[in-house]
Structures are given as C-alpha cells and as structure tokens.
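# Sequence below, structure please.
(one chain, ligands or ions: 2)
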Amino acid sequence: MDAFISRKRQHSTTEELAENAPPKDAAPTGSQDDTDFKLAILASLWPGVGQQTLLETLLAHDGNVDAATAALVRDESPSPRKKARTTGAPGYQSSLSSFNITSTTSSGETRTIKPLTKKGRTLHLYSPTDIEQHCPCTLIHNFLPQDVANSLLRELLDESPTYTRETFQLFDNVVQSPHTICFYVDDYDEAKRQKTEYIYNGARVKDVRPSLPRMREVSVIVQEAVNREVDRRIRDFYPGGKKLKYQTEDPWAPNAAFVNCYDGGHESVGYHSDQLTYLGPRAIIGSLSLGVEREFRIRRVVPRDDETDSDADGRADAEGQIAIHLPHNSLLVMHAEMQEEWKHSIAPAQSITSHPIAGKKRINITYRHYRAHLHPKLTPRCKCGTPCVLRCVQRNKMTKGRYCWMCHVNYTPGREGCGWFEWAVFDRDGRPSWAEGFKGDGVESDDDSTSLKERGNVHNNEPKQ
Ligand SMILES: O=C(O)CCC(=O)C(=O)O
Ligand SMILES: [Fe+2]
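Ligands and ions are numbered 1, 2, ... in the order given. Here you go, the predicted model:
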C-alpha cells in the first residue's frame, strides 16, 4: 500500500493546466490540484469505500491524499454515518417541479434551468424526460430487442474474464483501474493499426481486438439511434436550434468501442471526462448497459474563481451530483456538451440486484467515433516525439473551454514526460487546421476575440493564461 501513497512533485504550469490525466479513454482523471484525481487515487486504494466517504475524508484533510489515507487506515470500517451515505442506499427522486429551471429552446419556449443539485447531495433521476431536461444525456430504456441484448451480453460475458485492469502512473503512484476494460475496433487490420500507431497515456496498447459479431450488429442500431437523438437534442435543446461551436456536422459513425466490466458492486470508475484525442471536440458517445443495473453519476464542473482560490475545488466538488440509473439493455447518449462541461463516474454500490444472465456483473459498451483527421500521424507531437493528448480546460475560469495538445508520456509507469503544451486550433465544425475543409477563419479554441496571429501562442511551449 505504501507504494500508492503520494509524494508530491513540484507544480509546473503545464501540470496545473492539465486538469485531466486520464489513464485512457475511460478512467479517473485529474490534475495534481484536482479533487477528482485525488479521489481516483483513494478509490484505487479503497475500492470498497463509497465516493462520498472518500470525498468527505479528503475534504476533511484539506485535500491531502496522504492524510486522508492515514485517516482511512485508522478507520478501516467506516462509521455507520459514513456507511449510510455511501452509494447503494435507496435513491430518492426529488420532485423536479420544485426547482426553478429555465432555458430558451429553438421555438422560443422558455424552460427553467437552475442547478438541481445541492451540496453533498445526490439527486436520483429515473425518467428519460427528467434526464434529458437536466443532464446532457438521453436515456433509452429497453433499447434492443430482448434476445439481441441477451445474446450480446452473453458474447461479452464469455470474453470478460480476459479483460484487464488499466495500470497507469499518477505522479508518484502506479494506480490500477477499479474495473476491467477491453478495446475493440472494426476489424483485424484496424486492430493491428491501433496497436502500432495509436498512443494512450504516452504508450501503445497491446490488447486491441476486432469487434465481436453481435457488437458489430448492434453498432448499426446504436448509430441510427444516436444520430436521431443528436438531431433532436440540437433542435429542441440548443440555443436557436443550432449545433454547438466545434460540434461536427458530420453524422456520428462508431468505429471503436471500449467495453467495461464491473464484477460486483465494489467495482467502479471514478469521476472523469473522456479523452478527446481521437474523438475531437464536442464528442458524442453511445453507451450501452447490460447486466446488473448501476448508478451513472454526473456532475457539472464548476470553474475556479481565480488561481488563488485554493478552496474552489473543494467547494465545486461538494456541489452535488446527479445519479442516472442504467438498467440492463439501456442506451445512454452522452451529448456534445458532456465531456467539456461535466464529469461522469460509475459509483461503487453497497448492494446490487443480481442479473439472471450476468450474475453480479455489469457490462458496458461505449461506442465511439475515431476521426480520420485525428490519426496520431497527423496530430502534434511533443518533444519526446510522441503524439500529444487533446484536452479541454474545464476548471480554470480564464481558459475554460479552450483545447490544448499536451505531452502525456508521464502517465506511462517509469517514464518522464517533457511537459509539452500548445493551444489547439479548431474551426467551428471541430476540424483541426490540417484537415481537409478546414475553414481558416482564425477560430482558436473558445475565443473569437483575437486572431491566431494576434495571440501568437500557437506552437508555443508555454500556456498563456
Ligand atoms: O460504465 C459506464 O457506464 C461508463 C464507462 C465510462 O465512463 C467510459 O468508458 O469512459
Ligand atoms: Fe467515460
């Protein structure tokens, strides 16, 4: 266990800016200052302890992971109060009519919008209508014909014992993901390309598999539903009925899938947002749940007031969260505003209801669209010579919503990164400058007010705040 206890490195400007340090596309993320990230470390050490307890312990020790770990060691069996507040306790459905929420839709209709969550509380949402009105997600229950869902589940359960835990370096700690994962792409040739050309956390991935027959069959059904729901989201929820800035106009066409297996209520994934490196800005993800029902928790990222506001992380993280219940055979569409503005997790559960086919396992497939123009042979490289990771700034109020390319070599155990940073440039449709059709209208990520030339920080190795 000692090996996991962190010894802090010096802050660097780049590290401060790197708000997310994901193990790959689906794992806990965070910067050294980021509570999520610290929670990820604690969660890997205390897989049986609820996120809420870990968060409370962390906050009670001013965000110090070592002190929180020591406290958890002292109190190995959490107090009844803490136990009662961990997940798995019966959820409550707050009455949404009691909240004042407004937004204006394309038709000019006014809707109420106000944060639904309250500090330290979890709001449980079950109905697809509540979910789509208050979260950047669409949930479709009973998505596939029952026999298709069941045979897809069986196909993946057969493979799931061969899935592995992600191992990655977080500062001075080697951390393992608290569930197992496998990566699938369209066919054998693409799997070979993935293994030799793509980089995750600064390293190649050894196990990439061609999608299984049922997965491919279902991918087509997911594609149709996701495109339909994205169109509806734009029409009914976005200002003026227009797509978001940096959202592509191209249809979503899944060509890669991470499959997650949670073997029992103690397996989970910490709060994170998914890596955008190969998906691009405003990514859409189609997430299919099979087997045991689990809670998908989300919370909006609250930017810090300023750099000296040292408690802002703590306060933002304690703002409260929304729990969406994902039963067997449900499709969750994560819309374009999700990865940049929200974080999501699968909370550990104290108790689960066994599934007739899966037992205590939950299988989740996240279908994704890898973009040809974000192939690592085209994207910026750091001084280590490695293709960079693409991130969006979430917490810093000044730079929130801006994208950057960064070195991620230091997430590979035993390797040091070079700290490379540069702001990313995308046009309004999310195309990078080297892509065919790039509209070179001087659009730099999330700021129209100055041209690229005026700002002069493109291909510069220091973030300008
Ligand atoms: O299991 C889930 O529903 C979420 C998985 C996830 O967040 C991911 O793969 O990035
Ligand atoms: Fe994710």
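
# Specify the local secondary structure of the nearest residue to Ile140 once chain neighbours are set aside.
Nearest-residue entry for Ile140: Leu331, 4.5 Å, with adjacent residues in sequence omitted and distances by Cβ to Cβ, 6 or more residues apart in numbering. Using the backbone N, CA and C atoms, a C-beta is placed for each residue, glycine as well. Under DSSP: H, G, I helix; E, B strand; the rest coil, Leu331 falls in the strand class.

# Tell me who's in contact with Leu331.
Counting by Cβ atoms under 8 Å, 6 or more residues apart in numbering, Leu331 makes contact with 139-140, 143, 222, 225, 286-289.

# Please repeat the previous calculation with a cut-off of 10 Å.
Residues near Leu331 by Cβ atoms under 10 Å, 6 or more residues apart in numbering: 138-144, 218, 221-222, 225-226, 229, 286-289, 365, 367.

# now, which of those lie within strands?
138-140, 286-289, 365, 367 (DSSP state E).

# Between which two of the residues you listed is the distance greatest?
Farthest-apart pair in those is Thr138 and Ile365; separation 16.3 Å (Cβ to Cβ).

# Show me which of those two is the more surrounded one.
Per other Cβ atoms under 10 Å, whichever of Thr138 and Ile365 has more neighbours is Ile365, with 25 against 22.

# what bridges to the residue lying closest to the more buried one once chain neighbours are set aside?
Spatial nearest neighbour of Ile365, excluding adjacent residues (Cβ to Cβ, 6+ apart): Leu288 at 4.6 Å. Beta-bridge pairing for Leu288 (DSSP bridges): Leu331, Ile365.

# again with Cys261
Applying DSSP bridges to Cys261, the residues it is bridged with are Thr180, Ile363.

# so what's it up against?
Taking Cβ under 10 Å, 6+ apart as the test, what Cys261 contacts is 156-157, 159-163, 179-182, 267, 291, 358, 361-364.

# Could you verify my assumption that Asp186 touches Lys192?
No. The pair Asp186 / Lys192 is not scored as a contact, 11.6 Å apart, by Cβ atoms under 10 Å.

# Now for those two: what residues contact both?
Joint contacts of Asp186 and Lys192 (Cβ under 10 Å, 6+ apart) are Pro210.

# more crowded one of the two?
With neighbours defined as other Cβ under 10 Å, Asp186 and Lys192 compare such that Asp186 has more, 17 against 13.

# Give me the neighbour count for the residue nearest to that one when sequence neighbours are not counted.
Excluding the flanking residues, the one nearest Asp186 by Cβ to Cβ, 6+ apart is Asn255, at 5.3 Å. Neighbourhood size, Asn255 [other Cβ under 10 Å]: 18.

# Point me to the residue of the stretch 351-465 of the chain nearest ligand 2.
Nearest to ligand 2 in the stretch 351-465 of the chain, going by Cβ to the ion, is Thr366, at a distance of 6.5 Å.

# Show the contacting residues for that residue.
By Cβ under 10 Å, 6+ apart, the neighbours of Thr366 are 25-26, 254, 256-260, 274, 285-288, 332, 334.

# Among those, which pair sits farthest apart?
Taking Cβ to Cβ, no two of the contacts of Thr366 sit farther apart than Ala256 and Leu332, at 17.3 Å.

# So Leu54: helix, strand or coil?
helix.

# That one: how many residues sit nearby?
Leu54, neighbours per other Cβ under 10 Å, totals 26.

# Quick check: it vs Arg299, distance?
Distance from Leu54 to Arg299, counting by Cβ to Cβ, to the nearest Å: 15 Å.

# Likewise for Gly359?
30 Å.

# These two: which has the busier surroundings?
Each of Gly359 and Arg299 had its neighbours counted (other Cβ under 10 Å), and the higher figure belongs to Arg299 (22 against 13).

# ok, and the closest non-adjacent residue to that one?
Gln321 (4.1 Å).

# what about the residue of the stretch 351-465 of the chain closest to ligand 2, distance to ligand 1?
The gap separating Thr366 from ligand 1 is 4 Å, by Cβ to the nearest ligand atom, to the nearest Å.

# Fine by me, thanks again.
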